[in-house]
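Peer 1: Next one to model:
(chains A and B)
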2 protein chains.
Amino acid sequence: MDHPETSTRLEQQFRFLREIDRLKSIERQNILADASRRENSAEHSWHLAVLALCLAEHAAEPRIDLFKVVRMLLIHDIVEIDAGDAFLHDPEAIEKQAAKEDAAARRLFGLLPEDQRDELLALWREFEARRSPESKLAHALDRVQPALLHEATGGVIWQKYGTTHEQIQNKMSAVREASPTLWARVQVIIARARAAGRFG
Amino acid sequence: MDHPETSTRLEQQFRFLREIDRLKSIERQNILADASRRENSAEHSWHLAVLALCLAEHAAEPRIDLFKVVRMLLIHDIVEIDAGDAFLHDPEAIEKQAAKEDAAARRLFGLLPEDQRDELLALWREFEARRSPESKLAHALDRVQPALLHEATGGVIWQKYGTTHEQIQNKMSAVREASPTLWARVQVIIARARAAGRFG
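Peer 2: Model (predicted):
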């Protein structure tokens, strides 16, 4: 317990855990279900992890490592501490943002001891690559959660930012493959918002 | 996917997931590491889950089901939506609060389909009972996280609420058994705050 190596590891871990406290100050475009304020990325990550616990049964892929999905969701937004939260539709801007996020991941996860750095960096890159069943489900939930909040507020945020119906359907295509059940449910939310004239 | 049973389950799950959005509006006594505002219980739960991923290696008990610890931490504060966040030292008040929290757990987890209700209720009760190694580690992390934030702000919150050194050491006794390593680290934080005159 007083071994110097333990002490260094622990200090690196504390440093990282203090640094990621800043995720609580990163504001997203979404508002809370009660419309009182914008959501931050830390509480969003918590909400997503609970979504995973409750909704994993609706995944198209029957063999999902649920703990991996939860770990991905807990760390997927940490890069925003350096790179900000981007809600982008333009391919060029998306690519530029990806490079910023990769540098952010290397700096932030790099605060941890090497083995943990490598583990979280690999997990985050697996999420970003969207190839494994776990990363596909994680991305789908990341789309479903704002829709769930939008349902509570009638989609006013989509209207506020001038989002088009096509842009939203592009975003939601990730849900279709990962979970037809959740995709069908989200279509109900989008159809209602469309009928209410929320899309530009 | 359009099976009526699936649809009912999904509506119950969505109802629960929308209801727990309110945890983002429950303020804790802690302030963020940058002292900008008080922490809410949703972002606190996220932070704790990441603490578990990074610090589980310091647990005294070598065989820990880490996913169970993470699930406990993700749901442990949901009862505050009905019962509020209490920071109590008085045994009578603690007992009264426990009854309120049990009713809250039954109502809130009761929004879910029965099997998920039973699962989360059992998980929350295991956390509250503090007997399993997983619940002991979860409680320890719930004590370590505020100390980690207090270290960043020099323990001003302890001073603000007139917390005594004895009260804090009582709270921290949960850490000693679950992780001597983390307990020793927290003692450094408390000793520094004491030297700075933060305790009443």
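Peer 1: contacting residues around A:Gly200?
Peer 2: Neighbouring residues of A:Gly200 by Cβ atoms under 8 Å, 6 or more residues apart in numbering or on different chains: A:Gln159, A:Gly162, A:Thr163, A:Thr164. Every C-beta, even on glycine, is put in place using the N, C-alpha and C of the backbone.
Peer 1: how does it look with 6 Å?
Peer 2: Counting by Cβ atoms under 6 Å, 6 or more residues apart in numbering or on different chains, A:Gly200 touches A:Gly162, A:Thr164.
Peer 1: That one belongs to a strand?
Peer 2: No - counting by DSSP: H, G, I helix; E, B strand; the rest coil, A:Gly200 is not part of a strand but coil.
Peer 1: need the residues of chain A near chain B, please.
Peer 2: Counting by Cβ under 6 Å from any Cβ of the partner chain, chain A comes close to chain B at A:1, A:10, A:13, A:17-18, A:21, A:24, A:32-33, A:42-43, A:45-46, A:49-51, A:54, A:67, A:74, A:148, A:152, A:180-181, A:184-185.
Peer 1: Tell me where the model's unsure across chain A.
Peer 2: A:1-3 (pLDDT under 70).
Peer 1: Which secondary structure state is assigned to A:Arg28?
Peer 2: strand.
Peer 1: re the thing from before, narrow the residues of chain A next to chain B to those that are buried.
Peer 2: A:10, A:13, A:17, A:21, A:24, A:32-33, A:42-43, A:45-46, A:49-51, A:54, A:67, A:74, A:148, A:152, A:181, A:184-185 (16 or more other Cβ atoms under 10 Å in any protein chain shown).
Peer 1: Those in helices, which ones?
Peer 2: A:10, A:13, A:17, A:42-43, A:45-46, A:49-51, A:54, A:67, A:74, A:148, A:152, A:181, A:184-185 (DSSP state H).
Peer 1: what about the strands in chain A?
Peer 2: A:27-31, A:38-40 (DSSP state E).
Peer 1: Comparing the ones you listed, which stretch has the densest surroundings?
Peer 2: Across the strands of chain A, averaging neighbours per residue (mean count of other Cβ atoms under 10 Å in any protein chain shown) puts strand A:38-40 on top, at a mean of 20.
Peer 1: Can you spell out which helices and strands pack onto it?
Peer 2: Judged by 3 or more Cβ pairs under 6 Å, 6 or more residues apart in numbering or on different chains; DSSP states H and E, strand A:38-40 is in contact with strand A:27-31.
Peer 1: Quick check: neighbours of the strand it packs on in the sheet, parallel or antiparallel?
Peer 2: Strands adjacent to strand A:27-31 in the sheet, as given by DSSP bridges, are strand A:38-40 (antiparallel).
Peer 1: Tell me which residue lies nearest the centroid of chain A.
Peer 2: A:Asp142 (4.7 Å; Cα atoms, centre = their mean).
Peer 1: Tally up the residues packed near the nearest residue to that residue once chain neighbours are set aside, please.
Peer 2: Nearest non-adjacent residue to A:Asp142, counting by Cβ to Cβ, 6 or more residues apart in numbering or on different chains: A:Leu48, 6.2 Å away. Using other Cβ atoms under 10 Å in any protein chain shown, A:Leu48 has 22 neighbouring residues.
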